[in-house]
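> Give the three-dimensional model of this entry:
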Amino acid sequence: MDSNLVAALIIALGRAVRRLLRPARSGAKLMIGAAGDLTRTRSELMAENALLRQQLIVLRRSIKRPRLHCDDRVLLLALARLTRRWRDALHVVSPETLLRWHRDRFKIVWRRKSLPRGQPKRLAAEVVTLIQAMAKDSVLWGAERIRGELLKLGIRVSKRTIQKYMRRVRPPGKRGQRWNTFVGNHSRDIWACDFLQLYDVVFRPIFAFFFVVHGTREVVHFNVTRCPTDAWVAQQLREATPYCAGPRYLIRDNDDKFGKRFAAVAEGTEIEVVKIPPRSPNLNPICERFLGSVRRECLDHVIILNERQLYRVLKEYVEIYFNRARPHQGLRQRIPVPQSQSDPKMREKVVPIPIFGGLHHDYQYAA
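This is a model prediction of the structure:
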């Protein structure tokens, strides 16, 4: 007999046997399931029947693919919880899908429970400004340190809230003190002095000498002479620092006018004189900037006759205009010696006060 024919007969016989055994296998499974149902409670059987009925409702409502609504998912989750054999009774979706729905519902529930009860209180604008000022001025302080400082003042703010407002004024990166901050912290203890050489109407040299405070840009002392000797310069340092009320550091250049007497007076008042390198005016910028302002704003528009007239002009410029009326870019448009101002509600009219015959003006509120 042909081998191909034998193989075809064997395959046909196997298919016939499988068809004959299929009802018997389904019936056996049915009998085993029915025997197992005898050991289950009535409530569990009712829950399983309801689970199957709900799936039939979904299948009847759908045409091709079962479409489950939110209510269907909630109902299937509730019925599956009531029966232990929910995996065998689930046919529309896989058990993993049902478990994923369960986890998603848990996330929604706990997210709602984690929401704050009521509207949180917002910090007052004054407290926010204080936090930002502390973070900006004290660069070595962290959020916990600022929180302790606020507790001293009776202000209770959480650490996370302080960190939120600190980020707006303190850029991220390495925390520490910059060189500008270091100079700013010691600017009130640093003075600078320098000479300004001028010429009178007959081209004779005349010198003006100034002391300028780095922190406030205030000119604390000045004088005029035709012969700037070492003794004269030392006397100006005495007059600028009465009762030893002087700076910690004094910046000067390498001019020969600063001699032994000047150094002795500085040592007696515990002032450390710092000499800049030769041909380096950029290392004494505050004083150099002031000398440029004196020339551009005052002396370039005045004819110098003698020492008395020059002293009178510089006194008007320094004491009336530069120290008390002129805004400075280095001070964020503030003046070195601020004056007391009246209440803005009581101000009525701005009055210009001419200086140097109208070359400059000082604007103030009328009394």
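
> from here on, contacts and neighbour counts on C-alpha atoms
Will do.

> Only the buried residues of stretch 225-234, if you could.
By 16 or more other CA atoms under 10 Å, the buried positions in stretch 225-234 come out as 225, 228, 229, 230, 232, 233, 234.

> where's it relative to the chain centroid, distance-wise?
Distance of stretch 225-234 from the chain centroid (CA atoms, centre = their mean, to the nearest Å) equals 51 Å.

> cool, and stretch 92-107?
With CA atoms, centre = their mean as the basis, stretch 92-107 stands 44 Å off its chain's centre.

> Averaged pLDDT, it. What do you get?
Stretch 92-107 carries an average pLDDT of 83.

> Using CSV, write down the CA coordinates of it.
The C-alpha coordinates for stretch 92-107 follow below in CSV (Å, rounded to 0.1, in the frame of the first residue of the first chain):
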residue,chain,number,x,y,z
VAL,A,92,-14.6,39.8,27.9
VAL,A,93,-11.3,41.1,29.1
SER,A,94,-8.2,39.5,30.5
PRO,A,95,-7.5,39.3,34.3
GLU,A,96,-4.5,41.6,33.9
THR,A,97,-6.7,44.3,32.4
LEU,A,98,-9.1,44.0,35.4
LEU,A,99,-6.2,44.3,37.8
ARG,A,100,-4.9,47.4,35.9
TRP,A,101,-8.4,49.0,36.3
HIS,A,102,-8.2,48.3,40.0
ARG,A,103,-4.8,50.0,40.4
ASP,A,104,-6.0,53.0,38.4
ARG,A,105,-9.0,53.4,40.7
PHE,A,106,-6.7,53.2,43.7
LYS,A,107,-4.6,56.0,42.3
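
> Any buried residues in stretch 112-123, and which?
Buried, per 16+ other CA under 10 Å, within stretch 112-123: nothing.

> Oh, that last question was meant for stretch 295-305, not what I typed.
Under the neighbour-count criterion of 16+ other CA under 10 Å, stretch 295-305 has 298, 299, 304 buried.

> How about stretch 76-94?
So stretch 76-94, judged by 16+ other CA under 10 Å, has buried residues 76, 77, 79, 80, 82, 83, 86, 89, 90, 92.

> Relative to residue 107, which of those residues is nearest.
Residue 107 lies nearest to residue 77 out of the buried residues of stretch 76-94, by CA to CA, at 15.0 Å.

> Go ahead and name everything in contact with the helix or strand that contains that closest one.
Assigned by DSSP states H and E, residue 77 falls within helix 70-82. Contact with helix 70-82 is made by 44, 47, 48, 50, 51, 54, 86, 98, 101, 102, as judged by CA atoms under 8 Å, 6 or more residues apart in numbering.

> go on, stretch 146-163?
Residues lying outside stretch 146-163 but in contact with it, judged by CA under 8 Å, 6+ apart, are 131, 134, 135, 143, 144.

> Just the buried residues of stretch 187-198, please?
Buried residues in stretch 187-198, counting neighbours by 16+ other CA under 10 Å, are found at 187, 188, 189, 190, 191, 192, 193, 194, 195, 198.

> does residue 303 count as helix, strand or coil?
coil (DSSP: H, G, I helix; E, B strand; the rest coil).

> For the stretch 251-367 of the chain, give me the ranges with low pLDDT.
For the stretch 251-367 of the chain, the stretches with pLDDT under 70 are 339-348, 350, 356-358, 361-363, 365-367.

> Would you map the helices across it?
Assigned by DSSP state H, counting those that start in this stretch, the helices in the stretch 251-367 of the chain fall at 260-268, 285-297, 307-315.
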